[in-house]
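> Compute the structure for the input listed below.
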Amino acid sequence: MGVLILRKAGWISQPVTVSGTYIDGLVTRGGVDMSKFCFSVSNIESRRDGEIESDSFSDAVDELGRQIVVGKGDLLEIGVYGFPPARYECVGLVKGSRPIWFPSGGRMAA
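Below you'll find the predicted structure:
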């Protein structure tokens with residue numbers, strides 16, 4: 001389970017320490033290293049920015065789907081400090097609530 005921190009606006013441009021020790025993109029809490037991911041979920045009406053701490057990229061994306069209301073067509077940008085974010089689009093929902101993310105803006109293989 002990840003730790004979610006919502007921000008009002010803006011992409012995070014530098015590491016932010018939240019209760020724990022920040023070391024090279026990891027937050028150490030009681031001997032457990034968790035990666036800190038910056039994210040933005042947006043649609044035509046709104047944008048939600050924040051940070052989520054999780055053991056893996058996949059876990060972070062899954063946790064966002066559980067904690068934030070997402071709809072078909074919403075865009076997700078998620079990454080770690082110092083690297084460009086990955087971009088995904090919600091193409092549907094499983095059981096009406098779990099988002100299905102598909103890479104957005106990239107070239108498809110032939």
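> can you map out the strands along this protein?
3-7, 21-23, 26-29, 32-42, 47-54, 75-79, 86-94, 98-103 (DSSP state E).
> Report the inter-axis angle for the fifth one versus strand 32-42.
Angle between the axes of strand 47-54 and strand 32-42 is 160 degrees (criterion: axes from the mean of the first three to the mean of the last three CA atoms, to 10 degrees).
> which secondary structure elements does strand 47-54 contact?
Packed against strand 47-54 by the contact rule (3 or more CB pairs under 8 Å, 6 or more residues apart in numbering; DSSP states H and E) you find strand 3-7, strand 32-42, helix 57-67. To be clear about C-beta, it is placed using only N, CA and C from the backbone, and glycine gets the same treatment.
> Buried residues, it. List them.
By neighbour count on 16 or more other CB atoms under 10 Å, the buried set for strand 47-54 is 48, 49, 50, 51, 52, 53, 54.
> now those residues in CSV, with distance to residue 79?
Output for the buried residues of strand 47-54, formatted as CSV (distance: CB to CB, whole Å):
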residue, distance to residue 79
48, 16
49, 12
50, 13
51, 11
52, 11
53, 14
54, 13
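> just those now: which is nearest residue 73?
Nearest to residue 73 among these is residue 48, at 14.7 Å by CB to CB.
> Could you give the number of residues near the nearest residue to that closest one once chain neighbours are set aside?
By the measure of CB to CB, 6 or more residues apart in numbering, the closest residue to residue 48 outside its immediate chain neighbours is residue 41, 4.9 Å from it. Residue 41 has 24 neighbouring residues, counting by other CB atoms under 10 Å.
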